[in-house]
Structures are given as structure tokens and as C-alpha cells.
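Q: mind looking at a prediction? Sequence and model below.
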Amino acid sequence: MSRDIFKGSLISVFGAQPLDFPLLAYTVFQPSIVSCPVSQSERYATAVEQLNVFSNLDNNWDGYGGSRISEQAIDHARTLLYTQLYTQAHLALPEITPTPNGTLVIEWQGQHGEAAVEIGNTRVSGVIKRENSPTICIAGETAMLSNYLPIFIAPFLNPESAKVAAITPVEYDAADNA
Amino acid sequence: MLEIPVEVAANETIVRAVFHPHHLNGSKLKWQAFRPPAARRDVSVMRHDYLGTDDCRARARQMSAERKEYRGFACLKVEAVRAAGPDVIDSRDEFLGHADIMHVHPAPPNGEPPDAARFDGLRETCKRLAKAAAYRADPDADAEKWTGEPINPI
């Protein structure tokens, strides 16, 4: 049993090669329709339902003065989850946790490392950490990055399963990340 | 009650009340359990050596609510906290026996993340704290007294 979903067909200029030099990369995103097992969609539906629970948290939800999770952060996280599902990025379902300052932290574990991002109203910050490699910092506007982050992160965490990578324009300065 | 010195000794045991679901992933402490509130450095703890388990538990249960169920304690030695980076200071203006784990940098303000380097630093510090902590689940949160394992950090 399967369900038609929207999937991005990706072309990358750098694939999964190590980032040890200043980089400016662009990717073409070409939509197409593919099939996805319903079971996978249901797992994502569970994650999205978790976001709905977070959106209903009141102030002091953690017992220690935590702020309400903003609707913008919830919407961006939802977009990110759907991007991961619809593009079938080679990533396990992330762990999503609300923070006391009203943002969301999303974390992925992969075969060769981990990635974590914090999603706010307008900005996202995060890191990709791989074995024996320098930490890669992620920063940008949430509205743009939530559409691409899973596709960008996947090749770093599971390089053998990812032949291509897709990103919005990303500048990487090895000196700043050393 | 014992007289409580303002200085928090390295060999003291401190506890932080743990709530489901936000501080736990199954029976494992999440690092977010040690993240300060917006724009602040302090993470509330109790000085277990002076308050005792049942007093700590009574205060923790008072904080329990519909979407934040009290489940037990994260237990730490003060020296382990300091080794992870933050300090531990007495904060008796909250109540006698209250203390704070003080992070080096404040958490970001409401609604936005810190920059990537600060996010990484905060996450790594909190992960070290979560690793240094022993989670002691309360086997019967409705019981009058603590019935779980003794509150001893790792």
C-alpha cells in the first residue's frame, strides 16, 4: 500500500564531499511525484501530532518558567518534517523537544554523526557533528532553511546512502568553524 | 533542619525535579532538562543534603501539573557540575535549601535561537550535566514518602 506524495529531485554541485574549504553551493530543486509507504507517513503524522501538543503548551509548561512555543516555530518545524518526508531524505525521524525560550530543538542521529538545530520565529541555528571532522555550523532564516535542512544534513550523517545533496546558497568558512 | 551554609560545597548532592515528558526520553534524561529559562543563566536545584529527600519531593510534587508530571530527580554532585563548566550557588531568596546551577552564558531571549557556536556550547554543557546526573525515578508519585532508590549521584 502506498500513497502519492511530492518529492524533490535533487542535483547538487558538491555531493557529500568533506567541507574543508570555503564553499558557496547552489542546488536545483525539481519537483516530481513519487510513492511513499503509508507506514512512513503515519510515523510522520505522529511527529506532527507531537508538534500540535507543543503548540498547546502554556507558559511555565516545564515547571521552571518555560515560555509558550511560538506558532512560527511550530509551523517551521512542520515544514521541515514534511520536507524530510516528501524528499525521503536519508535520515531517521528526528527527536523534537521544546525549549524554555519558546523555540524547538530538532536532533537527528546518523551512522556517522549527529545534527541538531534550534528553530525560532525567524532564525535557525545548529550544528552537524561527524566523527573525526570539524563541527559544521548552520545559521540562517528559518523560513528558507526549514525547506532544505533535512536534504542538506542527510549526506553528512549517512554519506553512503546519499549520492546528492541539496541546499540553498550556503557559505561555509573553514576558518570560522575551526 | 540543619543550618545551611551559603557556600555550596563540592561534595554536596543537589537534585533537580524531573517532569514527564519534557525532561525524559523513556527513562533517559534529556539534556534540555538542564537548559536555563529565556535570557537567564540559572537552573533551579535543591540542596538535598540539607532538605532531605521527602522535602525535595514535596516541593517537586507541588510543581506537577497536567502536562508536566513529576517523575523523580536528576541527582548530581556539585563537583561534577563544576567540572562540566557551570557553577553552583546558593539562592535562598527562593527558599532555604534552593540553589542554582549557573551557566557561563545566558540562554537566548524568547523566540529565537542563540548563534550556532553558542547553541553548540550550551548543548554540550547540558549534555555533560545530563551524563553526570543519575536519574532516580519515583516509583510511586502518589505515596506519602519517597519509596525509590536512595538519592545518590553516580
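A: It's in. Numbering: from 1, shown residues only, chains lettered A, B, ... in the order given.
Q: and the helix or strand of chain B with the lowest mean pLDDT, is it in reach of chain A?
A: When the helices and strands of chain B are scored by mean pLDDT, DSSP states H and E, strand B:24-25 comes last with a mean of 90. Yes: using CB under 8 Å from any CB of the partner chain, we find that strand B:24-25 touches chain A at residue B:25. For glycine as for every other residue, the C-beta is placed from the backbone atoms N, C-alpha and C.
Q: endpoints of stretch B:10-26, how far apart?
A: End-to-end distance of stretch B:10-26 (CA to CA, to the nearest Å): 30 Å.
Q: parallel or antiparallel, list what pairs with the helix or strand following the least confident helix or strand of chain B.
A: Using DSSP states H and E, the helix or strand that follows strand B:24-25 in sequence is strand B:28-29. Each strand paired with strand B:28-29, and its direction, by DSSP bridges: strand B:24-25 (antiparallel).
Q: pLDDT score for the residue nearest to residue A:137 when sequence neighbours are not counted?
A: In space, and not counting its chain neighbours, residue A:137 is closest to residue B:116: 3.6 Å by CB to CB, 6 or more residues apart in numbering or on different chains. Looking at residue B:116, its pLDDT stands at 95.
Q: likewise for residue A:155?
A: pLDDT at residue A:155 comes out at 87.
Q: same question, residue A:111
A: 87.
Q: likewise for residue B:2?
A: Residue B:2 is given a pLDDT of 65.
Q: then residue A:41?
A: Residue A:41 is given a pLDDT of 76.
Q: look up which helix or strand it falls in, please.
A: Assigned by DSSP H and E, residue A:41 belongs to helix A:38-55.
Q: with only the CA atoms kept, save that helix in CSV.
A: Extracted C-alpha coordinates of helix A:38-55, given in CSV (Å, rounded to 0.1, in the frame of the first residue of the first chain):
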residue,chain,number,x,y,z
VAL,A,38,1.8,4.6,4.3
SER,A,39,3.6,3.4,7.5
GLN,A,40,6.2,6.0,7.0
SER,A,41,3.6,8.7,6.5
GLU,A,42,1.9,7.6,9.7
ARG,A,43,5.2,7.9,11.6
TYR,A,44,5.5,11.4,10.4
ALA,A,45,1.9,12.1,11.3
THR,A,46,2.8,11.1,14.9
ALA,A,47,5.6,13.6,14.9
VAL,A,48,3.4,16.3,13.5
GLU,A,49,0.8,15.4,16.2
GLN,A,50,3.6,15.9,18.8
LEU,A,51,4.1,19.4,17.4
ASN,A,52,0.4,20.1,17.9
VAL,A,53,0.8,19.1,21.6
PHE,A,54,3.7,21.5,21.9
SER,A,55,1.6,24.3,20.4
